[in-house]
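Student: mind looking at a prediction? Sequence and model below.
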Amino acid sequence: MAPVAHAQGDEASQEAEVAEEAVVESDPCTNAGFGLPTGPTRAGLIPGDLGAGHRACGRKEVGLSFGGALTVDLDNFYGRLGAQFALDGSWMVTDRFEVFAELELLRIELLITPLGSTSVSIGHASVGVSYGFLRSKHLALAGHSRLVLPTAVGLYQNAFPFSLDAGLAGQLEINRHLSLHGDTNFLFQAMAGKGAAAPRVGASVVVGAEIVPVPEVAVVLDLKSRLGWGGEPLDMLGAAVGLRFSDCKRFGFSVVGTIPLVGRERAAAGVELRASVRFGKVARPLWEDREHGGEKKDM
C-alpha cells in the first residue's frame, strides 16, 4: 500500500502545482492586477478631486497622498495656495462592483490678497461607487459616481457645498506596453445652509495614454478639460504628466503634475504624490505568459 499512497501524493502535488500556475483569461483589469496604479491621473483642480477622473478597473487598495494646488492672478492681486494630506481606500464588493472613499486628514489654505488669511483644518471627504459593466480582451468600461462632502470646516461659513459627479471610464489595452484611457463626467454642486442653493453644473473630460516600458515603471500623459463649471464654455484645458512605480507585487507609488494650458484657470497648477498598497489576490505581470493570453495568479 505504501507505493500506492506515495504515487497518489505525487499526483496530488502535481495537481496543486498546475492549479497554482493556472492561466486565466486576459483582459485590461486582469493584466493590471498588481500594485502599479492604472487609469487617469488623479491630481485635480476642484476641491475633493471632483471630476478628476476614475479608473475603469476597480481594486482593493489603501493609499496615502500629499497634494497641492496653486492659483495666481496678478492682474487682480489674488493668489491661493492649498495643500492636503489624504487617506483613500477602495474595496471590491464583487468582482465588478467597487466602493471607494477619501478623507483629507489635513488641509492648509493660504489666501494671498490685501487681506490675506490662512486656514488649517480637516479637508474634504468623498464617497463613491463604480461598476464595471464591460470587460473584453482589450477593453474595460465602468460607470461611476462620487459625492464630495463639505467637511473642510475651516473653509466654509454659513454655506456648505455638496458636489456630485457621475461618469463613464474606459481603458483600452493596445499591447503590453501601451494602453489608452478616458473618463467623462457630469458635475453638479449646490449649497446648503444660509442663503440660496446656487446650483451649478458642468462637465469634465479626461483622455490619455499609459506607457509601460517595463512592469515596474509607467509613464502617463493626460489631457484634462472642464466645461461650463465656471460659467464659460471652456473653463480649462490642461495637461498632466505622471510617473508610476511598483514592486510588481502589492505596492505602488505615483507622482503627478497638472498644468492648465488655456481657459479661465490657466494660472493654476496641481501636484500629487501617492503611495498605495493593494490587497487580495495579485496577478503578477509575467509578460511572457500574457503573450499567450493569460497570467499566473499569485495567491
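Tutor: Right, received. Where do you want to start? Numbering: from 1, shown residues only.
Student: any idea which helix or strand comes after whichever strand or helix holds Ser225?
Tutor: Secondary structure assignment for Ser225, by DSSP states H and E: strand 217-227. Downstream of strand 217-227, the next assigned helix or strand under DSSP H and E is strand 236-246.
Student: where do the helices of this structure begin and end?
Tutor: 2-20, 28-31, 287-290 (DSSP state H).
Student: and the second one, what does it pack against?
Tutor: What it means is helix 28-31. Other helices and strands packing on helix 28-31, by 3 or more C-beta pairs under 8 Å, 6 or more residues apart in numbering; DSSP states H and E, are strand 125-135, strand 139-149, strand 159-175. The way it works is simple: take the backbone N, C-alpha and C, and place the C-beta from them, glycine included.
Student: what's the closest of these to Val256?
Tutor: Checking the helices and strands packed on helix 28-31 against Val256 by C-beta to C-beta gives strand 159-175 as the closest, at 16.8 Å.
Student: by how many degrees do the closest one and strand 125-135 diverge?
Tutor: Angle, strand 159-175 to strand 125-135, by axes from the mean of the first three to the mean of the last three C-alpha atoms, to 10 degrees: 30 degrees.
Student: what pLDDT, on average, does strand 159-175 get?
Tutor: Mean pLDDT, strand 159-175: 94.
Student: which of the residues in it are buried?
Tutor: By neighbour count on 16 or more other C-beta atoms under 10 Å, the buried set for strand 159-175 is 160-161, 163-173.
Student: now swap in stretch 201-217 and tell me
Tutor: 202-210, 212, 215.
Student: again, but for stretch 173-193
Tutor: For stretch 173-193, by 16+ other C-beta under 10 Å, it's 173, 179, 181-185, 187-189, 191.
Student: repeat that for stretch 66-84.
Tutor: Quick answer for stretch 66-84 (16+ other C-beta under 10 Å): 67, 69-71, 79-80, 82-84.
Student: quick one: which of those residues sit in strands?
Tutor: 67, 69-71, 79-80, 82-84 (DSSP state E).
Student: got CSV for these, with pLDDT too?
Tutor: Formatted as CSV, these follow (pLDDT from 0 to 100):
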residue, pLDDT
Gly67, 89
Ala69, 82
Leu70, 81
Thr71, 78
Gly79, 79
Arg80, 79
Gly82, 83
Ala83, 88
Gln84, 90
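Student: average pLDDT for stretch 136-144?
Tutor: 95.
Student: how about it: buried residues?
Tutor: Applying 16+ other C-beta under 10 Å to stretch 136-144 flags 140-144 as buried.
Student: next up, the contacts around Leu56.
Tutor: For residue 56 the amino acid is Ala, not Leu. 28-29, 39, 132, 140-142, 169-171, 181 (C-beta atoms under 8 Å, 6 or more residues apart in numbering).
Student: ugh, wrong one, I meant Val256
Tutor: 41-43, 220, 240-243, 271-272, 274.
Student: again, but for Ala197
Tutor: 190-191.
Student: check it and give its pLDDT.
Tutor: The model's pLDDT for Ala197 equals 86.
Student: ok, it to Arg284 distance?
Tutor: Counting by C-beta to C-beta, to the nearest Å, the separation of Ala197 from Arg284 is 50 Å.
Student: rewinding a little: how about the buried residues of stretch 66-84 in TSV, adding distance to Val255?
Tutor: Below are those laid out as TSV (distance: C-beta to C-beta, whole Å):
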residue	distance to Val255
Gly67	10
Ala69	15
Leu70	16
Thr71	21
Gly79	24
Arg80	22
Gly82	18
Ala83	15
Gln84	15
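Student: flag the shaky bits of this structure, pLDDT-wise.
Tutor: 1-25, 44, 74-75, 264-267, 285-299 (pLDDT under 70).
Student: ends of stretch 218-235, how far apart?
Tutor: 29 Å (C-alpha to C-alpha, to the nearest Å).
Student: other residues contacting that stretch?
Tutor: Applying C-beta under 8 Å, 6+ apart, the contact partners of stretch 218-235 are 36-37, 40-41, 45-46, 51, 53, 187, 200-213, 236-245, 256, 258, 262-265.
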